[in-house]
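> Sequence and predicted structure below; questions after.
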Amino acid sequence: MNVEDLYEELKRSVEEYEPNKAVQIAKDLLNAQVDPLKVINEVLSPTMEQIGEKFDKMEIFLPELMGAAEVMQATTSILTEHIKESTERPKAKGKVVIGTVHGDIHEIGKNIVKIMLEVSGFEVFDLGKDVPSMQFIEKASDVGADIIALSALMTTTMMSQKEVIELLEALGKRDDYVVIIGGAPTSETWQKEIGADGWAETAGGAGKLAAKLLEAK
Ligand code: B12
């Protein structure tokens with residue numbers, strides 16, 4: 001099978017809940033020297049987006065959405081593990097506290113961002129999902145973080161990104177941290193509106209963004 005065929009098969013195995021097959025294809029793609037980040041950005045993420053649209057239109061239901069998410073997660077962990085193993089880490093750049101904001105349990109994208117920050121040389125403290133706003137600030141203070149990274153996947157939970165920044169301001173700590181945000185419904189416009197320091201569309205962009213912002217600080 002050529003790479004294009006493998007992409008098609010991978011898409012199909014996510015849609016049809018075939019985790020073992022998807023993981024095998026991911027391994028085949030790695031053996032064929034395909035860039036794992038390309039597989040995530042160009043095959044897996046668009047497939048999940050289409051699945052989300054089908055869910056939105058009620059063409060599929062929660063069990064199917066959960067099944068696809070499981071396959072996506074199993075496949076991305078093979079790919080990100082490879083990124084981790086094959087990338088030589090630059091020397092320590094700084095510390096990042098990351099999590100998915102309060103009210104939101106989507107974590108696939110956040111987990112990819114975490115790996116990309118790690119391979120870019122950051123020490124990352126992952127608070128997981130549905131993280132109360134105050135917990136980001138407490139953890140950042142405990143570990144002496146440079147950056148707080150907030151992921152939100154729903155229009156409703158984007159407000160929690162704003163809340164973290166408002167809390168930082170209220171506590172007089174806004175200048176202590178660089179705050180970066182991301183997640184499918186967010187944008188540069190939203191970043192500016194809530195006064196975050198940076199936004200990136202993809203996980204690959206997140207590593208570069210964090211390094212650039214910290215250098216500028
Ligand atoms: C998978 C999925 C799920 C899985 C999540 C599994 C998991 N462990 O994460 C499950 C099945 C559990 C789920 C549940 C729900 N979901 Co859902 N889900 C999705 C889906 C299909 C894909 C998300 C995903 O993983 N994408 C792939 C990753 C790689 O992309 P990503 O997350 O965007 O991340 C990339 C970038 O955004 C960026 N990034 C992400 N975070 C950050 C952070 C920083 C700092 C930076 C710089 C960058 C960055 O980098 C990542 C990699 O490139 C989306 C559809 C969509 N279009 O997003 C719906 C979607 C987000 N879900 C939706 C809904 C409604 C729900 C539920 C409420 C359903 C329900 N009725 O129960 C629940 C949520 C409950 C809750 N309180 O959170 C809606 C949200 C609508 C809205 N209001 O905005 C969507 C948009 C589907 C839809 N079209 O209706 N979901």
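All right, it came through fine.
> helix or strand for the spatially closest residue to Phe122 that is not a sequence neighbour, which one?
Distance criterion Cβ to Cβ, 6 or more residues apart in numbering; nearest residue to Phe122, sequence neighbours excluded, is Val96 at 4.8 Å. Glycine gets a C-beta too; all of them are placed from N, C-alpha and C. According to DSSP states H and E, Val96 maps onto strand 94-100.
> Residues contacting that strand, please?
106-107, 110, 113-114, 117, 122-131, 135-136, 139-140, 143-153, 183, 210, 214 (Cβ atoms under 8 Å, 6 or more residues apart in numbering).
> centre of the chain versus it, how much separation?
Centroid displacement of strand 94-100 relative to its chain, using Cα atoms, centre = their mean, to the nearest Å, is 11 Å.
> again with stretch 105-120
4 Å.
> Dump that stretch to CSV, keeping only the CA atoms.
What follows is stretch 105-120, C-alpha atoms only, in CSV (Å, rounded to 0.1, in the frame of the first residue of the first chain):
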residue,chain,number,x,y,z
ILE,A,105,-13.3,16.9,29.2
HIS,A,106,-11.7,17.0,25.7
GLU,A,107,-8.0,16.1,26.1
ILE,A,108,-6.7,14.6,22.9
GLY,A,109,-5.5,17.9,21.5
LYS,A,110,-4.1,19.0,24.8
ASN,A,111,-2.1,15.8,25.1
ILE,A,112,-0.5,16.4,21.7
VAL,A,113,0.3,19.9,22.6
LYS,A,114,2.0,18.6,25.8
ILE,A,115,4.3,16.3,23.8
MET,A,116,5.2,19.1,21.4
LEU,A,117,6.1,21.4,24.3
GLU,A,118,8.2,18.7,25.8
VAL,A,119,10.1,18.0,22.6
SER,A,120,10.6,21.8,22.2
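> Go through it and flag the buried ones.
106-120 (16 or more other Cβ atoms under 10 Å).
> and Val179, what is it in contact with?
147-150, 164-165, 168, 196-198.
> So which elements touch the lengthiest helix in the chain?
In the chain, assigned by DSSP state H, the helix with the most residues is helix 62-86. Using 3 or more Cβ pairs under 8 Å, 6 or more residues apart in numbering; DSSP states H and E, the elements in contact with helix 62-86 are helix 3-15, helix 19-31, helix 36-39, helix 45-56, helix 108-119.
> hmm, try it at 10 Å
helix 3-15, helix 19-31, helix 36-39, helix 45-56, helix 108-119, helix 203-216 (3 or more Cβ pairs under 10 Å, 6 or more residues apart in numbering; DSSP states H and E).
> Figure out how far that helix is from the centre of its chain.
12 Å.
> so does that helix get close to the ligand?
Yes. Helix 62-86 lies within reach of the ligand by Cβ under 6 Å from any ligand atom, at 62, 65-66, 69.
> so which of the contacts of Val179 comes closest to the ligand?
Ala149 (3.8 Å; Cβ to the nearest ligand atom).
> I'd like the distance between that closest one and Lys93.
13 Å (Cβ to Cβ, to the nearest Å).
> Repeat that for Val131.
23 Å.
> Give me the more crowded residue out of those two.
Neighbour totals were compared for Val131 and Lys93, and Val131 leads with 24 against 19 (other Cβ atoms under 10 Å).
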